[in-house]
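J.: Whatever this is, show me its structure:
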Amino acid sequence: MLSLNGVSKFLGKKELFRDLSFHVHAADRIGLIGPNGAGKSTLFGVMLGSIEPDSGSVVRIGGVRPGWLPQEMIPAQGKSVIERACDVCEQSQRLRAELDSLQSAMHLEKQATVLTELASKHAAAFEKLEHLVGYNLEARAEKVLVGLGFSARQFKLPVTALSGGLVMRLELARLLLAQTDLLLLDEPTNHLDLDSLMWLEDYLLNCSSALVLVSHDRAFLNRTVSRIVEIEGGMIQDYAGNYDFYLEEKAKRMEIRMATYKNQQDRIRQIERFIDKNRYNNKKAAQAQSRIKVLEKMEKIEAPSTSSEIRFGFPPGTRSGKKVMELVRMGKSYGDNTVYSDIDLIITRGDKIAFMGPNGAGKSTLLKILSGSVKPDCGEVLAGLHTATGYYAQHQWEQLNPEATVYEEALSVSGDMAQSQLRALLGSFLFQGDDVFKKTSVLSGGEKARLVLSKLLLQRPNFLLLDEPTNHLDIASRVVLEKALGEFDGTICFISHDRRFINAVANKILVAGSGGIHLFPGNYDDYLQTWKSRLDDSPQEADGKPGGNGVKSQTAQKRAQAEWRNQLFRAKKPVQDMIEGIEKELDSCHAELEGLREQLSDTATYRQGKLAVEIQGKYRQVQSRLDNLSGQWEAKVLELEQIEEGFRTARAKDA
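T.: Numbering: from 1, shown residues only. The predicted model follows:
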């Protein structure tokens, strides 16, 4: 179908890839992977013919029709969503224009012979169009659009009214409807929610087109591809399997390469020792010369290279109180669209909550409300003791000063951090050497994401709010971010459609939709196995437990749920207030102990008579009070849990 033979490409003086060869066959489903900047998008351009290789050739066999989804797209002008979706290729556009012209001419024509000729041309053009795009194109377009998350009311909207994410979904719909011979998809999941992503997986599994896919979503790759092609260091490696197979096979190949390299290095050292020892020995000089020739002719094996990746951990910040953030009867609307109504939510220290739900359900709005950047229309947003919030969202890229360098942007939030430390931190995010003096205006999407993450790290938050933090990060960087967030000792609320990322980080799942929220324990797999069917099939409580028997009207149910939440809130409030008071005293004790420790570690303390004895006595008193307060705190937390459990049990019996 398509063949690349000895292809090389330079970007300025940088060699992206050299002497690259591989073939795409009719039934292939290929995942194209590699670190950011390896040249994957450029290779797509070479395959399409929009980019000429510097050497080598590209052969497209039998008039293959490729279709391409880039990472960004300019919205089409003057068309509705459904019109743009049905507008699947240039030839179909010409045929539709021809049909419209013939239809108008037939309407005006009076002569029977001319009318018959026009009707014949109209029938021929219509047959060509149906052959090109298939029957019932509009019906198929509606089905694809719904699968990708569009609602029926959006079909007639002008394309220019769509967000950037919806524009990309629309272009993906057009590409799928065009039924090309070869699909080239560059990060197609970036703008999809989980439901749409899984719909796309199923669609691609049943699609007859060959597929070459760039994606950093490991679960998506595992389901949709059966071959991995990796670009790394300008070279290409082919693996006959999905992403998990690739990981295993690459580890085996790396082990073999390293063993082969070490064996050759040992052999080289042996030969060099023999040469050094016998070069000037009359009896063995000839043997030494022979071994010199062996070394010169030996084809040297290169040491396996390790690619650069982000390496960081979130430094410990100030410890927050047990309750990090609370929403009390919160509501938010945009015009007639009610996003949230009467929401109660308590986020506690150590929670790592993944926000899920369809696009438009309000996930990003909830993050913004928690961050304080958006105010609710009603209700309260209460920050807990010592809560220090760090908010990551892709729109923050727009707030980067295009004239500032990477170093200057980081310096703006680094406080009194030494220059050497700041350069080291930027280096851990792959801004090394002169890279720190790049202006932000020339950074790629992945580089901007890394810069915003590094600025977040410098603020030392204990409550992280992350909106799609993995977008534009390559797989290796996602894995490092997963590890850093897994080890983070604070609290996290995040949005992601990367199922592996959710499974690695989350200990709770919050599902948003229909103006409400549902909170479930566990990660994404736990949610799928235990809770999703119950959420889909039956009424739910705000804590994620199954609700009533479905007989009550929705209004009565909401009223009963609101009353139940109010009763629970009133029962918990006195205990929560006591816990907060104890936490303040605990923080005060910790601060006092720290001051006493500093005095006891100062040698001058012991030169002032009885001062050291007095400080030691004070230290013991404060430590005793700290132990007493810790016991009180544990008792009150247990009391709070018992109140919640009692209310849940009573509620379940009433239901």
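J.: For the nearest residue to residue 358 once chain neighbours are set aside, list the residues it contacts.
T.: Of all residues not flanking residue 358 in the chain, residue 193 sits nearest, at 5.3 Å (Cβ to Cβ, 6 or more residues apart in numbering). The C-beta positions use only the backbone N, C-alpha and C, and glycine is treated the same way. Counting by Cβ atoms under 8 Å, 6 or more residues apart in numbering, residue 193 touches 149, 357, 358, 359, 497.
J.: how about the one helix or strand residue 200 maps to: buried residues?
T.: For residue 200, the enclosing helix or strand under DSSP states H and E is helix 194-205. Residues 194, 195, 196, 197, 198, 199, 200, 201, 203, 204 are the ones in helix 194-205 that count as buried (16 or more other Cβ atoms under 10 Å).
J.: that older thread, which of the contacts of residue 193 ranks first by neighbour count?
T.: residue 497 (25 neighbours; other Cβ atoms under 10 Å).
J.: element containing that one, please.
T.: Going by DSSP H and E, residue 497 is not in any helix or strand.
J.: Ok, the one 4 residues further on next?
T.: Of the helices and strands defined by DSSP H and E, residue 501 is found in helix 499-505.
J.: One more: residue 314?
T.: Using DSSP H and E, residue 314 maps to neither a helix nor a strand.
J.: Just the CA coordinates for stretch 425-436, please, in CSV.
T.: Extracted in CSV, the C-alpha atoms of stretch 425-436 (Å, rounded to 0.1, in the frame of the first residue of the first chain):
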residue,chain,number,x,y,z
LEU,A,425,15.1,22.0,38.2
LEU,A,426,14.6,23.3,34.6
GLY,A,427,17.1,20.6,33.5
SER,A,428,15.0,17.9,35.1
PHE,A,429,12.2,19.1,32.8
LEU,A,430,14.6,18.8,29.8
PHE,A,431,15.4,22.5,29.5
GLN,A,432,19.1,22.0,29.4
GLY,A,433,22.0,24.3,28.4
ASP,A,434,20.9,27.1,26.1
ASP,A,435,17.3,25.8,26.0
VAL,A,436,16.5,27.9,29.1
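J.: contacting residues for the residue nearest the centre of the chain?
T.: With distances taken as Cα atoms, centre = their mean, the residue of the chain nearest its centroid is residue 470 (2.8 Å). Shown in contact with residue 470 (Cβ under 8 Å, 6+ apart): 216, 478, 481, 496, 498, 501.
J.: for this structure, which helix is longest?
T.: Longest helix in the chain, counting residues (DSSP state H): helix 554-600.
J.: tell me which strands and helices that one is in contact with?
T.: Under the contact definition 3 or more Cβ pairs under 8 Å, 6 or more residues apart in numbering; DSSP states H and E, helix 554-600 sits against strand 323-334, strand 337-348, helix 611-654.
J.: So for the last one, mean pLDDT?
T.: Helix 611-654 shows a mean pLDDT of 78.
J.: thinking again about what came up before, how about a markdown table for the buried residues of helix 194-205, with pLDDT added?
T.: Below are the buried residues of helix 194-205 laid out as a markdown table (pLDDT from 0 to 100):
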| residue | pLDDT |
| --- | --- |
| 194 | 86 |
| 195 | 85 |
| 196 | 87 |
| 197 | 90 |
| 198 | 89 |
| 199 | 89 |
| 200 | 91 |
| 201 | 92 |
| 203 | 88 |
| 204 | 91 |
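J.: Could you double-check that residue 37 lies in contact with residue 450?
T.: No - using Cβ atoms under 8 Å, residue 37 is not in contact with residue 450, being 11.7 Å away.
J.: shared neighbours of these two, anything?
T.: By Cβ under 8 Å, 6+ apart, no residue touches both residue 37 and residue 450.
J.: Comparing these two, which shows the higher neighbour count?
T.: Applying other Cβ under 10 Å to residue 37 and residue 450 shows that residue 450 carries more neighbours, namely 25 against 17.
J.: other SSEs contacting the strand or helix carrying residue 166?
T.: Using DSSP H and E, residue 166 maps to helix 164-177. Applying 3+ Cβ pairs under 8 Å, 6+ apart, we find helix 164-177 packed against strand 66-69, helix 81-86, helix 137-147, strand 182-186, helix 194-205.
J.: Next, the buried residues of the second one.
T.: Read that as helix 81-86. Buried residues in helix 81-86 (16+ other Cβ under 10 Å): 81, 82, 83, 84, 85, 86.
J.: any chance of these in JSON lines, with pLDDT and distance to residue 101 too?
T.: Shown next, in JSON lines, are the buried residues of helix 81-86 (pLDDT from 0 to 100; distance: Cβ to Cβ, whole Å):
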{"residue": "81", "pLDDT": "90", "distance to residue 101": "25"}
{"residue": "82", "pLDDT": "89", "distance to residue 101": "22"}
{"residue": "83", "pLDDT": "86", "distance to residue 101": "18"}
{"residue": "84", "pLDDT": "87", "distance to residue 101": "21"}
{"residue": "85", "pLDDT": "87", "distance to residue 101": "23"}
{"residue": "86", "pLDDT": "82", "distance to residue 101": "18"}
